[in-house]
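J.: below is the sequence, then the predicted model.
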Amino acid sequence: MRDKKKKVDPVQKGASGEIGLESLPVTTYWTDVVRRFRKNKIAVVGLVMLLIIVILCAGAPLFTKYDPILDMDLLNQLKPPGSGDHILGTDNLGRDIWSRLLYGGRTSVLTGLTVALITGAIGVAIGLISGYFGGIVETILMRMTDIMLSFPFLIIAIAIMAALGSSQRNIILALAIVGWPRFARLTRGQVLAVKNSEYVESAKVAGFGNARIILNHILPNCMGPIIIQATLAVGGAILSAASLTYLGLGADAAAPDWGVMLSQGRQYLQSEAYLTIIPGLAISVTVLAMNWIGDGLRDAFDPKMRK
């Protein structure tokens, strides 16, 4: 007698890898975000540009032999780019522009990152509280936000700097004070969109406290837009800090800073324009890279882009 062959479910066999439909690759939300970001060529170029800038500035002693402040050569003032060992020339005090550009990038990029972190922390906290609790708390916090947004950004920063004095620390403080409302409004909108979701209601039924619900259930689902806003805030803070320094409200004139270099080069615009063009290009390239990264993250976090 023939042995009766046992029938096997093709789907079951496929799961074990013998026959049936090919199994689909298992991906997570963050895997999809990374994949979509990598497909955006402009965003990848922006990331590469930013990494190069960070590496050059962080490793400045490895890429230049000159001190940006102490190494003055009054016999080689205002040398154009390509003059001897000075690949980008020298300034009005004979200091190497390449070294000042690298060390100045440390100050400018660090300022942008610090401002973004502070404004993000303040704005996200206010947005989470106002969006989750609502009522009189939301009314008070959002009216404060509206008041801050109703004034010109740079005018408030200048007024704060005039009151506090000129220093890099005060620039960070001033930009943080005027920058948090954007994060607050964005976060509040995201909280309103998710706070009535089933998983939030389930957490409330389970008896979780408000702080645990906000931090463990609501905030993680709002992080996409917040990360995008943070990348754009870094570029905006670098540009704003350079603007304040250009107006004479920033770092000390001897300090290596892109805004200081712009300010010092304006009196030589007609004769030695490179003194202004070089730091201006550094600021533009850095801000452009951050904006490209922000645009790439926006598309990567967009659920409509998921396939």
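T.: Sure thing, it's come through. Numbers count the residues shown, from 1 in each chain.

J.: what sits closest to residue 213 if chain neighbours are left out?
T.: residue 203 (4.9 Å; CB to CB, 6 or more residues apart in numbering). C-beta: built from backbone N, CA, C; applies to glycine.

J.: which phi and psi does the residue nearest to residue 83 when sequence neighbours are not counted have?
T.: Leaving aside its sequence neighbours, residue 83 sits nearest to residue 89 (CB to CB, 6+ apart; 5.8 Å). Note on residue 89: its backbone torsions stand at phi 90, psi -170 [degrees, to the nearest 10].

J.: what sits against residue 89?
T.: By CB atoms under 8 Å, 6 or more residues apart in numbering, the residues touching residue 89 are 78-83, 97, 272, 274-275.

J.: thinking again about what came up before, could you check how far the residue nearest to residue 213 is from residue 209?
T.: Relative to residue 209, residue 203 is positioned 9 Å away (CB to CB, to the nearest Å).

J.: next: residue 240.
T.: On the measure of CB to CB, residue 240 and residue 209 end up 38 Å apart.

J.: what segments of the stretch 151-300 of the chain are helices?
T.: 153-164, 168-194, 198-205, 210-213, 223-246, 258-265, 274-301 (DSSP state H, counting those that start in this stretch).

J.: related to what we said a few turns ago, what about residue 240 and residue 209, which has more around it?
T.: Using other CB atoms under 10 Å, the more surrounded residue of residue 240 and residue 209 is residue 240, with 23 against 10.

J.: and the closest residue in space to the more buried one that isn't next to it in sequence, what's its pLDDT?
T.: Nearest non-adjacent residue to residue 240, counting by CB to CB, 6+ apart: residue 175, 5.6 Å away. With respect to pLDDT, residue 175 has a value of 91.

J.: next one: residue 26
T.: At residue 26, pLDDT is 54.

J.: in the protein, where is pLDDT below threshold?
T.: Counting by pLDDT under 70, the ranges of the chain that qualify are 1-27, 251, 303-307.

J.: nearest to residue 62, of the contacts of residue 89?
T.: residue 97 (17.7 Å; CB to CB).

J.: surely the closest one and residue 82 touch.
T.: No - Residue 97 is beyond contact range of residue 82, at 11.3 Å (criterion: CB atoms under 8 Å).

J.: of these two, give the one with the bigger neighbour count.
T.: residue 97 (24 against 9).

J.: could I get the contacting residues of the more buried one?
T.: 81, 86, 88-91, 261, 274-275, 278 are the contacts of residue 97 under CB under 8 Å, 6+ apart.

J.: next: residue 45.
T.: So residue 45 contacts residue 292 (CB under 8 Å, 6+ apart).

J.: cutoff 6 Å now
T.: Contacts for residue 45 (CB atoms under 6 Å, 6 or more residues apart in numbering) come out as none.

J.: thinking again about what came up before, and the contacts of residue 89, which two are furthest apart?
T.: Longest span within these, CB to CB: 82 and 275, 14.6 Å.

J.: that older thread, so which of the contacts of residue 97 wins on neighbours?
T.: residue 90 (28 neighbours).

J.: contact partners for the nearest residue to residue 75 once chain neighbours are set aside?
T.: Leaving out its chain neighbours, the residue that sits closest to residue 75 by CB to CB, 6+ apart is residue 94, at 7.0 Å. Contact analysis of residue 94 by CB under 6 Å, 6+ apart lists 72-74, 76-77.

J.: what does residue 37 give?
T.: Contacts of residue 37 by CB under 6 Å, 6+ apart are 43, 296, 300.

J.: buried subset of those?
T.: Buried subset of these (neighbour count, 16 or more other CB atoms under 10 Å): 43, 296, 300.

J.: do you know how far the closest residue to the second one other than its chain neighbours is from residue 154?
T.: Nearest in space to residue 296, with sequence neighbours left out and distances taken as CB to CB, 6+ apart, is residue 43 at 2.2 Å. Distance of residue 43 to residue 154, given as CB to CB: 28 Å.

J.: go on, residue 231?
T.: Counting by CB to CB, the gap from residue 231 to residue 154 is 21 Å.

J.: once you drop chain neighbours, what's closest to the residue nearest in space to the middle of the chain?
T.: The centroid of the chain falls nearest to residue 231 when counting by CA atoms, centre = their mean (2.5 Å). Counting by CB to CB, 6+ apart, the nearest residue to residue 231 once its immediate chain neighbours are dropped is residue 294, at 4.1 Å.
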